[in-house]
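Trainee: I'd like to go over a predicted model; first the sequence, then the structure.
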Amino acid sequence: MKQVAYYKGCLASLSAKELDTSTQALAPKVGLALLDLESVTCCGAGDIHEAEPDYYLHLNARILAYAEATGSDTLMTICNVCTLNLRQADFMLKGDDALRERVNTNLRAVGVPPYSGAVEVKHFLWLVADGEGFELLKASAHKGLKGIKIAPFYGCQILRPSKLLGFEDPDKPWSLERIIEACGGEVVDYPAKVKCCGFPIIQAREDTALGELIQPIEQAIEGGADAIVTPCPLCHLSLDAWQSKLNAQRKKEGVDPLQPMPIMHLAQLIGVAAGLEDSELKFRRHVVSMKPVLEKLTV
Amino acid sequence: MEAATQPREKTMKVKVKIWRYDSQTGERALKEYEIEAPEWVTLLDILDLIKDQQDGSLAYRKSCRMMICGSCGMRMDGAAVLACKTRMYDIVQAGHVPVISAMGNLPIVKDLVVDMDPFWEKFKAMKPWLQPGYEEPPEGKEYRVSQERMNVIHKEALCINCGCCVSECNAMESSPEFLGPQALAKGMRFVGDARDGATVERLEDYSTEHGIWECTRCYFCNERCPKGVDPRDAIAKLGAEAVNEGIDRDMGAKHAKWFIKSTETTGWLRETELVPKTQGVISAISQMKFAMGLAVKGKVPPPFPPHVAENVDEARGLHKLVQQQGRQGYEGIVQGERSLARLDHHLREDGEVPPSEGSVGGMGSLTSADITPGEEPTAGKAD
């Protein structure tokens, strides 16, 4: 078992609890022992980075420091935005002695353990898409997803900027496809899989966001997908919860509603193939029903 | 006479497919070309050869051929590039036939030529010229700007107005009026300029409906920029500076401030209160039906009892400390740029560049030395 510090972020603790329960249940099957972090806070999303970037840096340094204190060399994230925020802060601190010293002095002043740059921030997707994690995933996905067509949706901040993320080619990513296939599903490819779900501005600029999130949904429908899978709970919330708003908009324009497109978290997709319990997958918490997908699976 | 003494250049067969388009007739076709070319050619060289030898009607823009004029922005396999910066050798070796098309988010005039007027309109809207607001220096003296102050806008000043960022901007695709990455990065180039005297007015101007807070943070601009400007970071700098100046009426700014409040109080985002804190109570009430739909699925977690992180007072303490240390606004981002530039140049921890890896990605000729603070000038500074 590989011990990893587990940073669940805000949404998996709140509106996307199903992501947390399915990740926790799946972890031992893919060789991961999750170490809880009790003292950490929100990473600030893109928001604190944009409003008070110096505070953003300190907040993320604090999270990295507590992850280090667990003794693990890996801080595992399950959200794109957390991944970029933490990796960016880590690189900012690693490459500049004076800045690191200043931040450490501040951390010390409030009683936080020191940051030394000893953990690498890795998204759950990266841990199971390759190497030992992938071998274990293949072995545990025994139930399979036979006959199910899945459209991968990466979102932005797990791919771009690639110099900070760097796991795969941001224009030709392969990790989700590889996992879908390993789980026995069929991949639906479409151009919008690397584009934005609109979530960061869904409250401040809803119309602009809706114009973004309709693209993957329409293209997945067109490709005949049974469901979309995403590694990010923000993309999940946007694509799942705001579908009804797309349809409200269409109704006003006199256009037929879209065929409902179920959205799965990555850990749920693997979880289904690995035979996790309903109580762990918690599909009932989704706004768009997963029922048609699950029925197709049992046939 | 044959130039028998000249060593012959190694050549290769280059294949490309080009989306041809005629805006007058609306005709559109994907045409394949094959041409013999030296191994060192760029995409722009290939277009020149095709136009010269095979099809004089092919339309594209070019001028300097050396990554400084910004004329030859176009898409290769759907991703915006400068044709003059794109070497063909590896692509040919991989047996790949790339598809070349015009940039996105701008109307196509013909083939690879887009109408840049909407681009320049937004550029002009930023008032991209200095508006001095300081007093004349004493007779015989001059103001000098420190290297440290120039570093604030070093990246933004590298912009060559090529449009590669605009081509890929996901927010502009959905909302064409969005000022977009190029214009906003240009805005930051002036907001951060020690010589400019209109910072607050600029931040007000850039904070309107289609300004700073409409950026969707897709990071396509950073990914594509051939000069390392990182427009998304420039937009974040503007947001930070606007909040620092108290220009925070926009819902985007309010949304951001609620995250700060959340981390100080419970440590975690107080998600349920985010909508009224961002949009105001009236607007939040109009969202009630939508919210109820989410609530039945547990998507509206009750704010009580709050989900509180252990030792959250440490976060509060950190916030207080950083507020006293004078790195508010864009300084918070600028302070990390030197470290992040190391990634562009594949610098190891010890500062050495590994021999096998050169500069890849978008940084052009920039080296990390460019953003190392130089010696302080001796005379008075403008800031």
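Mentor: Received, thanks. These numbers come from a predicted model, not from an experiment.

Trainee: spatially, which residue comes closest to the closest residue to chain B within the stretch 151-299 of chain A, not counting chain neighbours?
Mentor: Across the stretch 151-299 of chain A, the shortest distance to chain B (C-beta to the nearest C-beta) belongs to residue A:211, at 2.9 Å. Just so you know, the C-beta spots here come from the backbone N, C-alpha and C atoms, and that holds for glycine as well. Once flanking residues are discounted, residue A:211 sits nearest to residue B:174: 2.9 Å by C-beta to C-beta, 6 or more residues apart in numbering or on different chains.

Trainee: show the pLDDT at the one you found.
Mentor: Note on residue B:174: pLDDT of 98.

Trainee: which element is the residue of the stretch 151-299 of chain A closest to chain B on?
Mentor: helix A:206-222 (DSSP states H and E).

Trainee: now for the helix or strand just after that helix, which elements pack on it?
Mentor: Using DSSP H and E, the helix or strand that follows helix A:206-222 in sequence is strand A:227-230. In this structure, strand A:227-230 packs against strand A:149-152, helix A:206-222, helix A:233-241, strand A:263-265, helix A:266-273, with contacts taken as 3 or more C-beta pairs under 8 Å, 6 or more residues apart in numbering or on different chains; DSSP states H and E.

Trainee: need these in a markdown table with distance to residue B:318, can you?
Mentor: Shown next, in a markdown table, are the helices and strands packed on strand A:227-230 (distance: least, C-beta to C-beta, whole Å):
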| stretch | distance to residue B:318 |
| --- | --- |
| strand A:149-152 | 38 |
| helix A:206-222 | 31 |
| helix A:233-241 | 24 |
| strand A:263-265 | 31 |
| helix A:266-273 | 31 |
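
Trainee: to residue B:261, which of the ones you listed lies closest?
Mentor: Across the helices and strands packed on strand A:227-230, residue B:261 has its closest neighbour in helix A:233-241 (19.5 Å, C-beta to C-beta).

Trainee: quick one: list the elements packing against that closest one.
Mentor: helix A:9-13, helix A:80-94, helix A:206-222, strand A:227-230, strand A:263-265.

Trainee: now do the longest one, average pLDDT.
Mentor: Along helix A:206-222, the predicted local confidence has a mean pLDDT of 97.

Trainee: part of a strand, is residue B:283?
Mentor: No - secondary structure of residue B:283 (DSSP: H, G, I helix; E, B strand; the rest coil): helix, not part of a strand.

Trainee: ok but residue A:33 is inside a helix, no?
Mentor: No - using three-state DSSP, the assignment for residue A:33 is strand, not a helix.

Trainee: per-residue confidence for it?
Mentor: Looking at residue A:33, the pLDDT reads 98.

Trainee: quick revisit: reformat the helices and strands packed on helix A:233-241 as TSV; add mean neighbour count and distance to residue A:288.
Mentor: Shown next, in TSV, are the helices and strands packed on helix A:233-241 (neighbours: other C-beta atoms under 10 Å in any protein chain shown; distance: least, C-beta to C-beta, whole Å):
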stretch	mean neighbour count	distance to residue A:288
helix A:9-13	25	17
helix A:80-94	25	20
helix A:206-222	21	10
strand A:227-230	27	9
strand A:263-265	28	6
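
Trainee: residue contacts, residue 81?
Mentor: Just so you know, I chose chain A. A:9, A:43, A:45, A:46, A:157, A:200, A:232, A:234 (C-beta atoms under 8 Å, 6 or more residues apart in numbering or on different chains).

Trainee: that's the wrong chain, I wanted chain B
Mentor: B:43, B:73, B:74, B:75, B:164, B:224, B:226.

Trainee: among the residues you listed, which ones are in strands?
Mentor: B:73, B:74, B:75 (DSSP state E).

Trainee: need the nearest residue in space to the last one, chain neighbours excluded.
Mentor: Pointing back at residue B:75 there. Nearest one to residue B:75, counting by C-beta to C-beta, 6+ apart, is residue B:101 at 4.7 Å.

Trainee: go on, the second one?
Mentor: With C-beta to C-beta, 6+ apart as the criterion, residue B:74 has its nearest non-adjacent residue at 4.8 Å, and that residue is residue B:112.

Trainee: how about the first one?
Mentor: Distances taken as C-beta to C-beta, 6+ apart place residue B:162 nearest to residue B:73, at 4.2 Å, with adjacent residues excluded.

Trainee: how about the strands in the chain?
Mentor: You didn't say which chain, so I picked chain A. Under DSSP E, chain A gives strands at A:2-7, A:32-36, A:74-77, A:120-123, A:149-152, A:186-187, A:227-230, A:263-265.

Trainee: wait, chain B was what I had in mind.
Mentor: Taking DSSP E as the criterion, chain B carries its strands at B:11-21, B:28-38, B:73-76, B:79-82, B:99-101, B:108-110, B:113-114.
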